[in-house]
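In: Give me the fold of what follows.
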Amino acid sequence: MVFEYLKQNITVKEDEFNSIYPEKIKRHSRRHWTPIEIAKQASDFLVTKPGTRVLDIGSGPGKFCMLGATYTKGYFTGVEQRKKLIELSNKLSKRYRIPNVNFIHANITTINFKQYDAFYFFNSFYENIDRSAKIDDTVDPHVELYILYHAYIYQQFSLAKIGTRLVTYWSTLKEVPPSYELKSSSHNGFLNFWEKTS
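Out: All right, here's what the predicted structure looks like:
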């Protein structure tokens, strides 16, 4: 029902949306999963035409991708290294009949960004440097991984074509190359909208 409301532009509260998730997923919502309002703003910016291919880097239980696919005519792909979260995301997207979304179980360093037109990054690697940010025990955090993953996405963003769009949320911005121009910012600078201009 929540997705039907969203399609009709009826306000859905965070608790209402989170009711689609098991309790152990819901408890991480406030810290780890993208709020509805942020997902709407980000997906509106990222999808410039029908079929725009958006990659969510570290998609968790799929909240951003499912919301973006509901709000826009873009095609959303989430990549996540936790297999159980990918299984849950795929299960929910099928249950709620969201066709323009896909979830991949993989490490980000195996993904070729050239397959996508736009990107969403909600500081997915932070749990490697802050033990209090752990989602579960299936991933062993290391500072070295934080550095590796940031270096990889920085390189991939650098190689993207001019016009590529990127939204960062609660990010250190170290992953954004100087070839990207800040188009706008909101939520006290925590939500930033970028476009590659050179």
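In: how far away is the closest residue to residue 113 other than its chain neighbours from residue 149?
Out: Spatial nearest neighbour of residue 113, chain neighbours left out: residue 156 (3.8 Å); criterion: C-beta to C-beta, 6 or more residues apart in numbering. Where C-beta positions appear, they are placed from N, C-alpha and C, glycine not excepted. Residue 156 is 11 Å from residue 149, where distance means C-beta to C-beta, to the nearest Å.
In: Give me the common contacts of the two.
Out: Applying C-beta atoms under 8 Å, 6 or more residues apart in numbering, one finds that no residue jointly contacts residue 156 and residue 149.
In: Do a quick rundown of the helices in this structure.
Out: 2-7, 14-18, 23-26, 29-32, 36-46, 63-71, 83-95, 143-159 (DSSP state H).
In: Give me the helices and strands touching the first one, please.
Out: It stands for helix 2-7. helix 63-71 (3 or more C-beta pairs under 8 Å, 6 or more residues apart in numbering; DSSP states H and E).
In: and the helix it packs on with helix 36-46, angle?
Out: On the basis of axes from the mean of the first three to the mean of the last three C-alpha atoms, to 10 degrees, helix 63-71 is oriented at 60 degrees to helix 36-46.
In: And helix 63-71, what's buried?
Out: 63, 64, 65, 66, 67, 68, 69, 70, 71 (16 or more other C-beta atoms under 10 Å).
In: Enumerate the beta-bridge partners assigned to the one residue sitting closest to the centre of the chain.
Out: Most central in the chain under C-alpha atoms, centre = their mean is residue 56, positioned 3.4 Å from the mean C-alpha point. According to DSSP bridges, the residues that bridge with residue 56 are residue 78, residue 120.
In: any low-confidence regions in the protein?
Out: Residue ranges of the chain with pLDDT under 70: 28, 30-32, 126, 128-141.
In: repeat that with 80
Out: Scanning the chain for pLDDT under 80 picks out 1, 26-32, 124-142.
In: Can you give me every residue that contacts the residue nearest to residue 67 when sequence neighbours are not counted?
Out: Spatial nearest neighbour of residue 67, excluding adjacent residues (C-beta to C-beta, 6+ apart): residue 39 at 3.9 Å. By C-beta under 8 Å, 6+ apart, the contact set of residue 39 is 63, 64, 67, 68, 71.
In: now residue 117
Out: When contacts are counted by C-beta under 8 Å, 6+ apart, residue 117 touches 48, 52, 53, 54, 164, 165.
In: switch to 6 Å and redo it
Out: By C-beta atoms under 6 Å, 6 or more residues apart in numbering, the contact list for residue 117 reads 52, 53.
In: Tell me how many other residues crowd residue 81.
Out: 17 (other C-beta atoms under 10 Å).
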